[in-house]
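K.L.:
Sequence and predicted model, in that order:
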Amino acid sequence: MNAVNTISRVEKTALEHSKREFIYSPTEKIGIIQVDNFPLLGKLTALRFIEWIQANPGGVVSLPTGKTPEHFIKFVIRYLRGWHKPSIQKDLEINGVDPSIKPDMASLHFIQIDEFYPIDPNQKNSFYYYVKKFYIDGFGLDPVKALLMNFAEVGVPAHLTLKDVFPDGVVDLSLRHRHPVDLSEQRQKSVIEAVDEFCTQYEEKIQNLGGIGFFLGGIGPDGHIAFNIRGSDHFSTTRLTQTNYETQAAAASDLGGIEISRNRLVVTIGLKTITVNPKAVVIIIAAGEAKAKIVADAIESPKSILYPASILQDLPNARFYLTRGAACRLVERRLVDFQSWSDLPADQIDRVLIDLAVRKNKMLVDLTKNDLLDDKFGQEILRRYRDDYHSVILRTRDALIAKIEAGLKDVSNTAFMHTAPTTMILNSDIYPIFIIW
């Protein structure tokens, strides 16, 4: 577990408001600050960012793209543009920021985290375009001090474009180690080698700056930070690399569909790039229950390449900022909530008993007192219901049967509204029927 460094004033204020601990031992290995919703997540992150800049003028920052930082960006711009307004000054002060020191945004060095490849940098869904619009122009950063990923001309002959070099958008990385078979492949090989050299120089420039001082990122469906997907080497650096299906699916809406995103490679800074500065403040933000399992894996599991964000367990100033939904699978926090209810909600009891039956590979009705004693949540159920615990198990069984029977009934003269794209749903809350009877 990381050696916990000093918690900032902004973080202390947020912790007091949340009425949560920073770390719940023994399962949590990274500090956590929890808020109620997505906008508050953006506000907290913006306040911490401003606080860090006040203490580190001229520092090196690396900020995310996409939907994750939406509210973060809005709050930073709101604070910067309204800095001297009494309402903003009061807001800053009560949340732990010194309102007398307006952050010098132009003093910062900026590092772009990642980019799709190949992609036209002027395309509106390129990360280069996003960074220029929201961070360089929106925050007032100095473009001269920014390391950006513009691949329009990297290795590309003067009379050609990236589209000319890779007409179908497919980059064959086997050209790194094989001979090209024609002129087209020869040109592609040359461009790939130029991009690899760009990555090496990009990494060197970051190291020459002393590494990243403030990193803010989201966490992907497979646990990736930047585009360091599951299985990435913890010592990885900036590179051109492939992605996996989870990442391609998440990017499909930005790129125009899975058929396009599955062929895109990415350039990303590495896990070692993010963590090489031992004093770096690294904040991962996540919102919603969809991220809850991978968040719990990163925070509670032993450090592993299966969970890229788990590398942050060794970094003293690493944090997860989470909404209530994103934190809902963290065991100790769930237990605190479970024990705090005067009456245990039926759905929470059902969840505990079903999880326990699956873990023990037993039918619900075969769960014993010893099984419940072997589980922290089961112990609380026993404490509340004592010898009547078996009737609680039967109620859970009956409730599941009722749900299944309701789902098997024919439905007619009923309209369903469906607004999300059709996709495969993998839900860990759908359990094998054998546990019921």
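P.N.:
Sure thing, it's come through. Residues are numbered from 1 along each chain as shown.
K.L.:
Do a quick rundown of the strands in the stretch 251-400 of the chain.
P.N.:
Using DSSP state E, counting those that start in this stretch, the strands assigned to the stretch 251-400 of the chain run over residues 265-268, 281-286, 318-323.
K.L.:
Need the residues that contact stretch 385-394.
P.N.:
Residues from elsewhere that reach stretch 385-394 (C-beta atoms under 8 Å, 6 or more residues apart in numbering): Ile349, Leu353, Leu364, Val365, Leu367, Lys369, Leu372, Ile381, Leu382. Just so you know, the C-beta spots here come from the backbone N, C-alpha and C atoms, and that holds for glycine as well.
K.L.:
List the buried residues in it.
P.N.:
Neighbour counts over stretch 385-394 (16 or more other C-beta atoms under 10 Å) mark Tyr385, Tyr389, Val392, Ile393 as buried.
K.L.:
where's the last one relative to Val358, distance?
P.N.:
Counting by C-beta to C-beta, to the nearest Å, the gap from Ile393 to Val358 is 14 Å.
K.L.:
And for the second one?
P.N.:
Look at Tyr389 and Val358: by C-beta to C-beta, they are 18 Å apart.
K.L.:
in the protein, which segments are predicted with low confidence?
P.N.:
1-5, 245, 251-253, 255-261, 418-437 (pLDDT under 70).
K.L.:
Quick check: most distant residue from the centroid of it.
P.N.:
Asp387 (43.2 Å; C-alpha atoms, centre = their mean).
K.L.:
What about the contacts of stretch 385-394, which one has the most neighbours?
P.N.:
Leu353 (26 neighbours; other C-beta atoms under 10 Å).
K.L.:
Spatially nearest residue to that residue, not counting backbone neighbours?
P.N.:
Distance criterion C-beta to C-beta, 6 or more residues apart in numbering; nearest residue to Leu353, sequence neighbours excluded, is Thr396 at 4.8 Å.
K.L.:
Pull up the gap between the one you found and Ser342, please.
P.N.:
To Ser342, Thr396 is 20 Å away according to C-beta to C-beta.
K.L.:
Next, the buried residues of stretch 136-143.
P.N.:
Across stretch 136-143, burial judged by 16+ other C-beta under 10 Å covers Ile136, Gly138, Phe139, Leu141.
K.L.:
which stretches of the stretch 101-250 of the chain form strands?
P.N.:
Taking DSSP E, counting those that start in this stretch as the criterion, the stretch 101-250 of the chain carries its strands at 109-111, 114-117, 146-147, 214-217, 239-241.
K.L.:
So for Ile284, which of those sits nearest?
P.N.:
Closest approach to Ile284 among the strands of the stretch 101-250 of the chain (C-beta to C-beta): strand 214-217, 5.7 Å.
K.L.:
From the contact counts, what lies against the closest one?
P.N.:
Helices and strands touching strand 214-217, by 3 or more C-beta pairs under 8 Å, 6 or more residues apart in numbering; DSSP states H and E, are helix 38-55, strand 60-62, strand 281-286.
K.L.:
The second one pairs with which strands, and in what direction?
P.N.:
What that stands for is strand 60-62. With DSSP bridges as the test, strand 60-62 is paired with strand 109-111 (parallel), strand 214-217 (parallel).
K.L.:
Now tabulate those in JSON lines and tack on distance to Glu185 and mean neighbour count.
P.N.:
Below are the strands paired with strand 60-62 laid out as JSON lines (distance: least, C-beta to C-beta, whole Å; neighbours: other C-beta atoms under 10 Å):
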{"stretch": "strand 109-111", "distance to Glu185": "32", "mean neighbour count": "22"}
{"stretch": "strand 214-217", "distance to Glu185": "35", "mean neighbour count": "25"}
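K.L.:
do you know which of those lies nearest Lys29?
P.N.:
Smallest distance to Lys29 across those (C-beta to C-beta): 17.9 Å, for strand 214-217.
K.L.:
residues in contact with that closest one?
P.N.:
Contact partners of strand 214-217, identified using C-beta under 8 Å, 6+ apart, comprise 45, 49, 52-53, 56, 59-64, 68-69, 72, 113, 225-226, 274, 280-285.
K.L.:
6 Å - rerun?
P.N.:
Trp52, Val61, Ser62, Leu63, Pro64, Ile225, Ile274, Val281, Val282, Ile283, Ile284 (C-beta atoms under 6 Å, 6 or more residues apart in numbering).
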